[in-house]
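**Student:** My questions are about this predicted structure, shown below with the sequence.
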Amino acid sequence: MNSENGKNNKNTKRILQLSAKYLMPTYARIPIALDRGDGVRVWDTQGRCYLDFLAGIAVMSLGHSHEELVETICNQAGRIIHCSNLYHIESQARLAQKLSSISFAQTSFFCNSGAEANEAAIKLARKSGYDRGAFEVIAMENSFHGRTIATVALTGQDKYRTYFGPYPPGFKFARFNDSSDVEKQMGKETCAVIIEPIQGEGGIHEASAEFLRDVRELCDRSGALLIFDEVQCGLGRTGRWFAHELCGVEPDIMTLAKPLAGGLPIGALLAGEKAAHVFAPGDHASTFGGGALITSVALKVLEIIERDSLIENAATQGEYFKKRLTALMARIPIIKELRGQGLMLGLELNCDARPILDAAREKGLLIGLAGARTLRFVPPLIITAEHVDEAVDILESILLEAVPAGS
């Protein structure tokens, strides 16, 4: 071991020790410390390089250390970073205008995360139904909407809910892709139905076009608002600006977050005609939400996605990725199912997926999990066919080794 490697090993060990001693153990962290990134690759503190097909959990859509984003951050930081929402912020207003131009929305509210965006959506929906006594929000089983008390109450997975009740009233669940069950749960007190067009943490499960059309009709008939949570599946990942465009169904409210500001914290609540002007001054707020630094970067992110045709690239590379993974399914019996759209794909196995994830990391590929048996792939939108081939070749070698003898 040379002196530089020895130093790096000590640095990594020290970081892990500090984390174990001073951080609350809310994550089962992978035992590496990432130090820098460039494009679709990252390096840890030991100098080891990885192909990043997790992208900060669907956040780094432009990859790491994008030169134009770095420049935008530096320029804006030299002008003004924060002033609060007591004043007008040009980049915030321009970002809202841009989001309206690419979506159904008329107005936007900015906050700091997907959970905050969903909290805001709950409040908006409840105020819209206040005069008629409607306050209940129906969510889907197997859903995920955040980790605050209200958004956990809205999340249809018991593993996120244990220990934290009792939950506030007004949340119900219906079966995903079952409009008859949604109709059964709806009543005069229903103010909204919230759906992920593609369930991310739930295992990369797609809502069918028929289901979304049926729920849209149910909401129109009852006066309830339809909310789409596109925190993970929105902003180009599926090969369209928004996943719901694949089904041709528009919501009344949509929530966004992860990739919008290129890795900086942001959440967005978008509202169409029915909900655009429900909030009044004092109804909702966020000290940091939509600040000058964040919104300047978000504007640049959207500009680059559009200019560099990254939505089209997500569609093209997503189809190629699917083709390569489908070919694996024909040869590797432990693969059960391939799901998803564009560059939001899930490969379900008939065994625990954690050892596959760990083995991929050892071979230089970072991927994620979406449930115990599903490998999650949400790479940057800038990937090429060569990156797909590299990732699939690594994955194939691992999966072949995992196949039981005689299969």
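**Tutor:** Sure, I can see it.

**Student:** Might you list the low-confidence residue ranges for the stretch 1-150 of the chain?
**Tutor:** 1-7, 10 (pLDDT under 70).

**Student:** residue boundaries of the strands in it?
**Tutor:** In the stretch 1-150 of the chain, the segments counted as strands under DSSP state E, counting those that start in this stretch are 34-38, 41-44, 49-52, 107-111, 136-140.

**Student:** Adding mean neighbour count as columns, could you present these in a markdown table?
**Tutor:** (C-beta placed from N, C-alpha, C; glycine too.) Conversion of these to a markdown table gives the following (neighbours: other Cβ atoms under 10 Å):
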| stretch | mean neighbour count |
| --- | --- |
| strand 34-38 | 15 |
| strand 41-44 | 19 |
| strand 49-52 | 19 |
| strand 107-111 | 23 |
| strand 136-140 | 26 |
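
**Student:** Rebuild those strands as JSON lines, extending it with distance to Arg373.
**Tutor:** Converted to JSON lines, those look like this (distance: least, Cβ to Cβ, whole Å):
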{"stretch": "strand 34-38", "distance to Arg373": "26"}
{"stretch": "strand 41-44", "distance to Arg373": "26"}
{"stretch": "strand 49-52", "distance to Arg373": "22"}
{"stretch": "strand 107-111", "distance to Arg373": "33"}
{"stretch": "strand 136-140", "distance to Arg373": "20"}
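
**Student:** Relative to Cys74, which of those strands is closest?
**Tutor:** Cys74 lies closest, by Cβ to Cβ, to one member of these: strand 34-38, at 16.8 Å.

**Student:** who does the closest one touch, helix- and strand-wise?
**Tutor:** strand 41-44 (3 or more Cβ pairs under 8 Å, 6 or more residues apart in numbering; DSSP states H and E).

**Student:** if we go to 10 Å?
**Tutor:** Applying 3 or more Cβ pairs under 10 Å, 6 or more residues apart in numbering; DSSP states H and E, we find strand 34-38 packed against helix 3-22, strand 41-44, strand 49-52, helix 55-58.

**Student:** Identify the bridge partners of Arg339.
**Tutor:** Gly346 (DSSP bridges).

**Student:** Pretty sure it sits against Gly371.
**Tutor:** No. Using Cβ atoms under 10 Å, Arg339 is not in contact with Gly371; the gap is 11.1 Å.

**Student:** Next, show the common contact partners of these two.
**Tutor:** Residues touching both Arg339 and Gly371 (Cβ atoms under 10 Å, 6 or more residues apart in numbering): Gln199, Gly203, Ile204, His205, Gly346, Glu348.

**Student:** Around the first one, how many other residues sit close by?
**Tutor:** When neighbours are defined as other Cβ atoms under 10 Å, Gln199 has 28 of them.

**Student:** which residue is nearest the centroid of this structure?
**Tutor:** Gln232 (1.9 Å; Cα atoms, centre = their mean).

**Student:** That residue touches Gly346, doesn't it?
**Tutor:** No. Applying Cβ under 10 Å as the test, Gln232 and Gly346 come out as separate, 11.5 Å apart.

**Student:** Can you check which residues contact both of those two?
**Tutor:** Common contact partners of Gln232 and Gly346 (Cβ under 10 Å, 6+ apart): Ile198, Gln199, Gly200, Ile204, Ala370, Arg376, Val378.

**Student:** Compare those and tell me which has the most neighbours.
**Tutor:** Among these, the one with the most neighbours (other Cβ under 10 Å) is Val378, at 31 neighbours.

**Student:** show me what contacts that one?
**Tutor:** When contacts are taken as Cβ under 10 Å, 6+ apart, Val378 is in contact with 52-61, 200, 204, 232-233, 237, 258-259, 340, 342-346, 367-368, 370.

**Student:** Can you list the buried residues in stretch 95-115?
**Tutor:** 95-96, 98-100, 103-105, 107-115 (16 or more other Cβ atoms under 10 Å).

**Student:** Check stretch 12-23 too.
**Tutor:** Thr12, Ile15.

**Student:** List only buried entries from the contacts of Val378.
**Tutor:** 52-56, 58-61, 200, 204, 232-233, 237, 258-259, 340, 342-346, 367-368, 370.

**Student:** list the contacts for the closest residue to Arg216 other than its chain neighbours?
**Tutor:** Leaving aside its chain neighbours, Arg216 sits nearest to Val249 (5.1 Å; criterion: Cβ to Cβ, 6 or more residues apart in numbering). Neighbour list for Val249: 195, 197, 207, 209-217, 226, 228 [criterion: Cβ under 10 Å, 6+ apart].

**Student:** if you set the cut-off to 7 Å instead, what comes out?
**Tutor:** Residues counted as contacts of Val249 (Cβ atoms under 7 Å, 6 or more residues apart in numbering) are Leu212, Arg213, Arg216.

**Student:** quick one: which of those residues is nearest to Arg36?
**Tutor:** For those, the nearest to Arg36 is Leu212 (40.9 Å; Cβ to Cβ).
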